[in-house]
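# Test case, fold it:
(chains A and B)
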Amino acid sequence: MISRRDFLQASMAASAIVGGSGFGNWAQLAAQQRLTQDQLLQFDTFGNVSLIHITDIHAQMVPIYFREPSVNIGVGGNAGVVPHITGADFRRAYGIEDGSPSHYALTSGDFSALAQGYGRMGGLDRVATVINSIRADRPDALLLDGGDTWHGSYTCYHTAGQDMVNVMNALRPDAMTFHWEFTLGSDRVHELVDGLPFAALGQNIFDAEWDEPAEMFPPYTFFERGGVKIAVIGQAFPYMPIANPGWMFPEYSFGIRDENMQEMVDEVRAQGAECVVCLSHNGFDVDKKMASIVTGIDVILSGHTHDALPEPVLVGETIIVPSGSNGKFVSRIDLDIQNGRMMGFRHKLIPIFSDVIEPDKDVAAVIEAERAPYKDQLSDVIGTTDELLYRRGNFNGTWDDLICDALLSERDAEIALSPGVRWGPSMIPGQEITREDLWNVTSMTYPEAYRTEMTGEFLKIVLEDVADNIFNPDPFFQQGGDMVRTGGLGYRIEIDKPQGERISNMTLLSTGEPIDPARNYVVAGWASVNEGTEGPPIWDVVEAHIKAQGTVSLQPNNSVEIIR
Amino acid sequence: MKLTRRETLFIGMGAVVAATVPLPALASVEDAVAAFTGGADVGSGGITLSTPEIAENGNTVPVEVSAPGAVSIMLLAAGNPNPDVGTFNFGPLAASQTASTRIRLAGTQDVVAVAKMADGSFVRTANEVKVTIGGCGG
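The predicted structure follows:
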């Protein structure tokens, strides 16, 4: 007997064979040095329902460079499986040719050279063109935004998210869930959510005082599309008050709440849902574990950890679709729903090559209107880079090396700490650094660059604590960020050890001496989650440092020794 | 005001902070369980303990425990200097044998629940709750 899982696996195989994911074709196109909008958008409409997923835009309305990680270590059951393979291994796993557009879009190697050839990615006006094309095939396709939308740029900060709300409304989403949006503070979130013409979902957004579902964020909503009753259940980022400043949204409690997720799935099925979609900001490994516990979800649209995969991952009878970040990708998933069951799917991760996909004029005008009042500030050049500047990766990226250098010199510190966030576009050698570029990697509502003293013992506790938030073998204990970046401090990390035993050989780089647990060190950092943190905003600190340098060049950073 | 080590760390940091637990008070946990059960064998199953995987605030962690058919449920925080949290007794007219409360956790540790059933048998379960402040969410 053929099980439904066999059907779903057959969908995966068929997609690879007919080039439904488009990947075989891209390599060929690269050889011909030809890439067209039609080829990027080509899709044989399938089944009776279409989903469009975009997530983790981080307020990037215009095209950017974004280098995918070269270090993305998986632990426990996720060691060595996607998305925890990178570079050439990733390309081999998906049959991606070196030098092809998909090499550039999905992996890290030769980034600067390929970026010159293939250009910037993303831009919400290009995204609009892709969405319009899908809607031309399937007018009632659902557009679902996975969150981290109202955060991450100069204009987003100065409009408190209004610029992104206005631009996204022009794309006409059907539902959304949340993470960094809450760092605007709950009053502002309420104001913006009140005005949304679509559903703001989160089955795990609870009232902190009563531990009851928060009224403003319903757990799910129904859509009737293609004759199919579809339930979309929202899952906000589970660890918001821990990873971000909880004092900015004290009314709310989150958590994974997988038992409640199961209750919601059962509830919508009982109300006649024939297809259940989870719009998630859990992060990929958390979504995999949740899919193994909660039954009855057909599709998890996965955000938060910024992974982009050319094929869904099948867990039980649930397909998980991660769609990248920063506007680089849009996922299209066509589903065949028969008698309340998903019998097959067709999927394509559509890369937004900004020089290939024509901008949609209407949305381009909306973006221009949002940017116009800030044009002078955005385009102000503060320096030039000789380096490839990037952040994404489990350990220090060059952007963070630069930020840590700025903290050490401008704040006169021995050690610098910079948060392991996963947002922040890249820059290629020779580019002028504008204020917009700097804000793309620093913008947040708690930017104070503090200067304080910490003992060596305490520094170790900090490193151990953050390391366990990434490398705990149980995904439900992972918060989805990368390791805290360090300046002036080297260490060894043994990934597979338990908390408290991972970090050793801590060294003060300026003297080469071992860190003394009893001594106090002057530490500068930013993005503290503690209320009342004092200091100048990080963008002023880094701008002063870049201006003093003129042209940015960096020493190779070998200060972290990784033991697997 | 007397500051705990943990509070001192919070104040001194201004940045990411972690809490470490003193040595788990395991001996006193087992003593408390033995006192509750009178040394009887303790089984598993039939008792559900709901806790967050990671506490949003270690000073007030929501905990719910349910054991249908129980007459009494004891809650313990294994890593607290004083592990005793409380014991919930259910009379014969209780509509459900479920209790929820909020507890303070000194650091990452197991929360333990032991239920005494109507037939005099005992069941036990435990969840680890992590107390952390990461501050680096992607």
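# where are the low-confidence patches of the stretch 401-550 of chain A?
For the stretch 401-550 of chain A, applying pLDDT under 70 flags no range at all.
# Quick one: name the residues of it near chain B.
Proximity of the stretch 401-550 of chain A to chain B, by C-beta under 8 Å from any C-beta of the partner chain, involves residues A:417, A:419-423, A:450, A:452-454, A:458, A:461-462, A:464-466, A:468-469, A:474, A:476-477, A:479-484, A:499-500, A:523, A:525, A:527-530, A:533-534. Backbone N, C-alpha and C define where each C-beta goes, glycine included.
# Filter these down to the buried ones, ChimeraX style.
The following ChimeraX line selects those of those that are buried, judged by 16 or more other C-beta atoms under 10 Å in any protein chain shown:
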select /A:417,419,420,421,422,423,450,452,454,458,461,462,464,465,466,468,469,476,477,479,480,481,482,483,484,499,523,525,527,528,529,530,533
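# Restricted to helices, list the residues of the stretch 401-550 of chain A next to chain B.
In helices, defined here by DSSP state H, the members of these are A:F458, A:I461, A:V462, A:E464, A:D465, A:V466, A:D468, A:N469.
# wait, the third one sits on A:M483?
No: taking C-beta atoms under 8 Å as the definition, A:V462 is not a contact partner of A:M483, at 10.9 Å.
# end to end, how far does stretch A:37-55 reach?
Stretch A:37-55 has an end-to-end distance of 21 Å (C-alpha to C-alpha, to the nearest Å).
# Name the residues of it that are buried.
Residues of stretch A:37-55 classed as buried: A:40-41, A:43, A:46-55 (neighbour count, 16+ other C-beta under 10 Å).
# and the helix or strand harbouring B:V71, which strands flank it?
Here B:V71, judged by DSSP states H and E, is contained in strand B:70-77. With DSSP bridges as the test, strand B:70-77 is paired with strand B:84-89 (antiparallel), strand B:109-117 (antiparallel).
# so of these, which one's packed in deepest?
Ranked by mean neighbour count under mean count of other C-beta atoms under 10 Å in any protein chain shown, the strands paired with strand B:70-77 are led by strand B:109-117, which reaches a mean of 23.
# For the nearest residue in space to A:E370 that is not next to it in sequence, give me its contacts.
Of all residues not flanking A:E370 in the chain, A:D163 sits nearest, at 3.9 Å (C-beta to C-beta, 6 or more residues apart in numbering or on different chains). Going by C-beta atoms under 8 Å, 6 or more residues apart in numbering or on different chains, A:D163 touches A:A59, A:M61, A:S153, A:T155, A:C156, A:E370, A:R371.
# Let me see the contact set for the residue nearest to the spatial centre of chain B.
Chain B has B:V111 as the residue nearest its centroid, 2.9 Å off, counting by C-alpha atoms, centre = their mean. Neighbouring residues of B:V111 by C-beta under 8 Å, 6+ apart: B:49, B:51, B:61, B:63, B:75-78, B:85, B:103, B:105, B:126-129.
# Show me which pair in those residues is furthest apart.
The largest separation in these, counting by C-beta to C-beta, is between B:V85 and B:E128 at 15.6 Å.
# out of the contacts of B:V111, which are buried?
B:49, B:51, B:61, B:63, B:75-78, B:85, B:103, B:105, B:126-127, B:129.
# Including pLDDT, could those residues go into a markdown table?
Below are these laid out as a markdown table (pLDDT from 0 to 100):
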| residue | pLDDT |
| --- | --- |
| B:L49 | 96 |
| B:T51 | 95 |
| B:V61 | 94 |
| B:V63 | 95 |
| B:L75 | 97 |
| B:L76 | 96 |
| B:A77 | 96 |
| B:A78 | 95 |
| B:V85 | 93 |
| B:I103 | 95 |
| B:L105 | 93 |
| B:A126 | 96 |
| B:N127 | 95 |
| B:V129 | 94 |
